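Trainee: Pasting a predicted model and its sequence here:
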Amino acid sequence: MAKIVLAMATTHGPQLHTTVEQWQLRVKADQARKHPFRSGVYSFDELVAMRGPEGLDGKSSMEAQRSYHSRCHVAMEKLADNGIKSVPILPSSSGTIRTRSTKPTS
């Protein structure tokens, strides 16, 4: 029987198995819906205005996104180097568990 030795979660799972360019496909959908934030629900434009002082323009640039993507993959490789051979990915659309191998098993 399998033994669970580690459980992890992320709110941005799709970002781990898509390219930075594919992340941009979310923008149109995000602009069309309301978003819960702190104690309210806001439109995309309202959130952009509210969070302007946080410097999100720089944090959401393609260069920054490529850096985040790279750091995530480096972290997954570190997990693999420590004996974790795969990372389960739970796509919200299908509800099924898929496993993405992070390092070839020996």
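Mentor: That came through, no problem.
Trainee: Quick check: which ranges of this protein have low pLDDT?
Mentor: Residues of the chain meeting the criterion pLDDT under 70: 5-13, 83-106.
Trainee: repeat that with 90
Mentor: Counting by pLDDT under 90, the ranges of the chain that qualify are 1-20, 22-27, 29, 56-57, 59-60, 68-69, 72-106.
Trainee: Show me the helices in this protein, by range?
Mentor: Using DSSP state H, the helices of the chain run over 20-23, 26-32, 44-50, 56-59, 62-81.
Trainee: Dump these to JSON lines, plus mean neighbour count and distance to Ala2.
Mentor: Every C-beta, even on glycine, is put in place using the N, C-alpha and C of the backbone. Output for the helices of the chain, formatted as JSON lines (neighbours: other C-beta atoms under 10 Å; distance: least, C-beta to C-beta, whole Å):
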{"stretch": "helix 20-23", "mean neighbour count": "14", "distance to Ala2": "32"}
{"stretch": "helix 26-32", "mean neighbour count": "10", "distance to Ala2": "34"}
{"stretch": "helix 44-50", "mean neighbour count": "13", "distance to Ala2": "42"}
{"stretch": "helix 56-59", "mean neighbour count": "11", "distance to Ala2": "39"}
{"stretch": "helix 62-81", "mean neighbour count": "13", "distance to Ala2": "18"}
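Trainee: Looking at those, spot the one closest to Lys3.
Mentor: When the helices of the chain are ranked by proximity to Lys3, the top entry is helix 62-81, at 17.0 Å, counting by C-beta to C-beta.
Trainee: name the helices or strands packed onto the closest one?
Mentor: Counting contacts by 3 or more C-beta pairs under 8 Å, 6 or more residues apart in numbering; DSSP states H and E, helix 62-81 packs against helix 20-23.
Trainee: Can you give the contact residues for the helix it packs on?
Mentor: The list of residues contacting helix 20-23 from outside it, by C-beta atoms under 8 Å, 6 or more residues apart in numbering, reads 15, 62, 65-66, 69.
Trainee: so which of those comes closest to Val48?
Mentor: Proximity of the contacts of helix 20-23 to Val48 (C-beta to C-beta) peaks at Gln65, which lies at 16.5 Å.
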